[in-house]
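*Asks:* Any chance you can model this:
(one chain, ligands or ions: 1)
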Amino acid sequence: MLLLLLVAGVGVVCLLSFLFASHIRRYAAGGVCRSKARLDGKTVLITGANTGIGKETAWDLAARGARVILACRSVEKGEEAAAEIRTKVSGAQVEVQELDLADTCSIRAFAQRFLKEVNHLHVLINNAGVMMCPYMKTTDGFEMQLGVNHLGHFLLTNLLIGLLTRSAPARIVVVSSLAHNFGWIRFHDLLSLGSYNSGLAYCQSKLANVLFTRELARRLEGSGVTVNSVHPGSVRSELVRHSTIMSLLFSLFSIFLKTPREGAQTSVYCAVADELHSISGKHFSDCAPAFVAPQGRNEKTAQRLWAISCELLGIEWD
Ligand SMILES: NC(=O)c1ccc[n+]([C@@H]2O[C@H](COP(=O)([O-])OP(=O)(O)OC[C@H]3O[C@@H](n4cnc5c(N)ncnc54)[C@H](O)[C@@H]3O)[C@@H](O)[C@H]2O)c1
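*Replies:* Numbers count the residues shown, from 1 in each chain. Below you'll find the model as predicted:
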């Protein structure tokens, strides 16, 4: 009980400090992508783009002239987002394709269709995410947060990496979180079969995003494809829907939170900024390099996680 109270107390203090930091940074005029880069003739794929940060990222990149493909669990909701973007950006090239990251069959079917229909892919934004849900499993039996946030995107990237390499220069943006600081990779129980804490599982999945980014960057050296991870800030979105405490905190402190449009700025920056054309394996927040926790810089952990991810997904990726 005492331990639970302590963990909850530490959680609240951490949350308040990052809300505060985010607020200060916002008003220090940081965190706005000032790049005027155009993306005419470029193709962008964004996961989870029907709401929140993903939708705003899609809108921004469509306004820069890119063909933007929204990969969404619900095609209907994706079409609503696409229609909204088309009303805001005249001539926007926005398309919707079905992708459920909690189902490897759906990911494989998506990639197969995508590779048939699309000749180039210049920007992949691994944005979709689920946070602090009750214990649930993906279709393949993976704990939901690790399954969607890390393993689903790991498989998707693996299936599209050939196309990205052929389309180089190309960029991958992985939407992680400041929450990676509070995570560690529980190799003894990666899928939370023994015990489950929704907050820790989220932090683990976001740390996995950072480690994946670093290891992928190492492997992609010299390929013309770069990969960077992002903390979008504390953003008013539907992400907290599963957690009563987080929903309450986000409502109470909503004036300190970024809008989804503000939250999209660092993803956009990593996708377009000219000065980042050869920067890879780094972590960004507020359109600037950001601190990575020591456990997110550990090469051995990154390589071990890579090997286990391949094993769980039944793939080889050298
Ligand atoms: N909101 C924040 O404060 C915050 C902070 C740090 C990091 N992030 C990260 O930003 C990203 C976007 O989150 P958001 O705040 O826009 O939340 P959101 O809930 O509005 O967006 C998440 C998107 O992911 C999609 N998604 C969830 N499960 C999926 C699945 N199985 N298959 C396909 N798509 C799926 C949802 O449908 C939704 O479109 C997430 O990766 C999240 O972890 C958000």
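
*Asks:* all contacts plus neighbour counts: C-alpha atoms, from now on.
*Replies:* OK.

*Asks:* in stretch 95-111, what's buried?
*Replies:* 95-104, 106-108, 110-111 (16 or more other C-alpha atoms under 10 Å).

*Asks:* Disregarding residues adjacent in the polypeptide, which is nearest to Asp60?
*Replies:* Among residues not flanking Asp60 along the chain, Val268 sits closest, at 7.4 Å (C-alpha to C-alpha, 6 or more residues apart in numbering).

*Asks:* correct me, but that neighbour touches Ala63?
*Replies:* No: counting by C-alpha atoms under 8 Å, Val268 does not reach Ala63; the two are 11.5 Å apart.

*Asks:* Would you map the helices across the stretch 151-300 of the chain?
*Replies:* In the stretch 151-300 of the chain, the helices defined using DSSP state H, counting those that start in this stretch lie at 153-166, 198-219, 244-252, 260-263, 265-272, 299-313.

*Asks:* Name the residues of the stretch 151-300 of the chain found near the ligand, please.
*Replies:* Residues of the stretch 151-300 of the chain found near the ligand (C-alpha under 6 Å from any ligand atom) are Val175, Ser176, Ser177, His231, Pro232, Gly233, Ser234, Val235, Arg236, Ser237, Glu238, Leu239.

*Asks:* OK, contacts around the first one?
*Replies:* Yep, that's Val175 we're talking about. Contact partners of Val175, counting by C-alpha atoms under 8 Å, 6 or more residues apart in numbering, are Ile125, Asn126, Asn127, Ala128, Asn209, Ser229, Val230, His231, Pro232, Ser267.

*Asks:* run the last query once more with 6 Å
*Replies:* Counting by C-alpha atoms under 6 Å, 6 or more residues apart in numbering, Val175 touches Asn127, Ser229, Val230.

*Asks:* Then Pro169?
*Replies:* Counted by C-alpha under 6 Å, 6+ apart, Pro169 has contacts Gly224, Val225.

*Asks:* Now do it against Ala102, distance only.
*Replies:* 29 Å (C-alpha to C-alpha, to the nearest Å).

*Asks:* Show the pLDDT at Ser17.
*Replies:* pLDDT, Ser17: 55.

*Asks:* now the one 3 residues further on
*Replies:* pLDDT recorded at Phe20 is 56.

*Asks:* Over to Arg26?
*Replies:* Looking at Arg26, its pLDDT stands at 54.

*Asks:* per-residue confidence at the closest residue to Arg297 other than its chain neighbours?
*Replies:* If the residues on either side of it in the chain are set aside, Arg297 comes closest to Leu211, at 7.1 Å by C-alpha to C-alpha, 6+ apart. Looking at Leu211, its pLDDT stands at 98.
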